[in-house]
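Novice: Quick one: sequence and predicted model below, then my questions.
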Amino acid sequence: MRASDIVLLLNTLWFAGAFIQFSIPQRNTLKILLPREERSNPIAPTLAASVAFLGGMNLPIGPLSLYLLAARPAFFQPAEAQLALFLFFSACHFSQFAYNLPVLMRGGRVGVAYWPVLKGPMLRIFVIDAGLFAANLAVALRLAIAS
């Protein structure tokens, strides 16, 4: 299995998992984002319903990765197409990683604001998105150098 295949498989698993996490058990995701004392806040149900939007954004990316891996469509054979798609996947992970950086720089949860980036599920999300950003970018750079 090539490095690009491994990265596509990891993309598939990660984005499918993100869809499930954010779209199906919305109340559980709310527990990650809000401190216990704020979960009774009247805005909490709206926030819980809103995280489904995050899942919806992740949904098409996982099956796209799986399709590219399993079907190996003709349009994905040229190095330029692979480069563009791996840069796309890299940007997807980077956007999710980058928006946690300011939260991390502030020290994670500040009172009732933000979420704890340095512990629990958010740390895992932060680290995996950083790793997959780098992995997709590495595949893209290797493709760019080889072309």
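Specialist: Now that the structure is in, tell me what you want to look at.

Novice: distance between the top helix by length along the chain and the chain's centre?
Specialist: Secondary structure of the chain per DSSP state H: the longest helix is helix 120-146. What separates the centre of helix 120-146 from the centre of its chain is 10 Å, taken as C-alpha atoms, centre = their mean, to the nearest Å.

Novice: list the helices and strands it packs on?
Specialist: helix 3-23, helix 26-33, helix 79-98 (3 or more C-beta pairs under 8 Å, 6 or more residues apart in numbering; DSSP states H and E). The C-beta positions use only the backbone N, C-alpha and C, and glycine is treated the same way.

Novice: in the protein, what secondary structure element scores lowest on mean pLDDT?
Specialist: One helix or strand of the chain scores below all others by mean pLDDT, DSSP states H and E: helix 26-33, with a mean of 79.

Novice: Nearest spatial neighbour of the spatially most central residue of the chain, chain-adjacent residues omitted?
Specialist: In the chain, the C-alpha closest to the average C-alpha coordinate belongs to His93, at a distance of 4.9 Å (C-alpha atoms, centre = their mean). Closest residue to His93 apart from its sequence neighbours, by C-beta to C-beta, 6 or more residues apart in numbering: Phe133 at 3.8 Å.

Novice: doesn't Asn100 make contact with that neighbour?
Specialist: No: if you go by C-beta atoms under 8 Å, Phe133 and Asn100 don't touch, sitting 11.6 Å apart.

Novice: Show me what counts as buried in the least confident helix or strand of the chain.
Specialist: Residues of helix 26-33 classed as buried by neighbour count (16 or more other C-beta atoms under 10 Å): Gln26, Thr29, Leu30, Leu33.

Novice: quick revisit: is the residue nearest to the centre of the chain in contact with Leu132, as I believe?
Specialist: Yes: with contact defined as C-beta under 8 Å, His93 and Leu132 form a contacting pair (4.4 Å).
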